[in-house]
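**Student:** Sequence isn't available, so here's the structure alone:
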């Protein structure tokens, strides 16, 4: 299981809030997707590169557990890590956490990893994915793209 978390920081935009003044529940899934994209990019595995090689990574399952509300302009970090993989599947875990203004200002883009999530837990979740080709048929990445599979091994086994 992975021990290193990738962190993606941002401020909650007004458009993500609802009439009650809190972040709409569906936006956490978008936050998770953005954080997953940045996590993969950090390890040199961009979606554009994967797709140019003829592979897709659709979501099979999403699970989100909500703990506390977030509001406009809150400072948030989404912690992401790949938690399991096989030749055909990949799973990510996420924790969205509110952090202080001071912590937000001190986190640099270069500090993309953390041993443990920090801040006030807002929501946590998982996404499960399957590797497919352009015809949406499952592929075994260890056979069709061993270099990508090697990166996955590195990410999960950190």
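**Tutor:** Yep, that arrived. Because the structure is a prediction, the values reported are computed rather than measured.
**Student:** just for this structure, where's the confidence low?
**Tutor:** 1-3, 109-111, 158 (pLDDT under 70).
**Student:** Give the buried residues for stretch 10-23.
**Tutor:** For stretch 10-23, burial by neighbour count (16 or more other Cβ atoms under 10 Å) applies to 12, 16, 17, 22, 23. Heads up, the C-betas are built off the backbone N, CA and C, glycines and all.
**Student:** now these as CSV including distance to residue 98 and secondary structure?
**Tutor:** Formatted as CSV, the buried residues of stretch 10-23 follow (distance: Cβ to Cβ, whole Å; DSSP: H, G, I helix; E, B strand; the rest coil):
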residue, distance to residue 98, secondary structure
12, 9, coil
16, 14, helix
17, 14, strand
22, 12, strand
23, 10, strand
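**Student:** and those residues as a markdown table, adding distance to residue 84?
**Tutor:** Listed next are the buried residues of stretch 10-23 as a markdown table, based on distance: Cβ to Cβ, whole Å:
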| residue | distance to residue 84 |
| --- | --- |
| 12 | 30 |
| 16 | 29 |
| 17 | 33 |
| 22 | 32 |
| 23 | 28 |
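**Student:** Next one: residue 144 from residue 72, what distance?
**Tutor:** 44 Å (Cβ to Cβ, to the nearest Å).
**Student:** Tell me which residues touch the closest residue to residue 44 other than its chain neighbours, please.
**Tutor:** Excluding the flanking residues, the one nearest residue 44 by Cβ to Cβ, 6 or more residues apart in numbering is residue 151, at 6.6 Å. Residues in contact with residue 151 (Cβ atoms under 8 Å, 6 or more residues apart in numbering) are 43, 44, 45.
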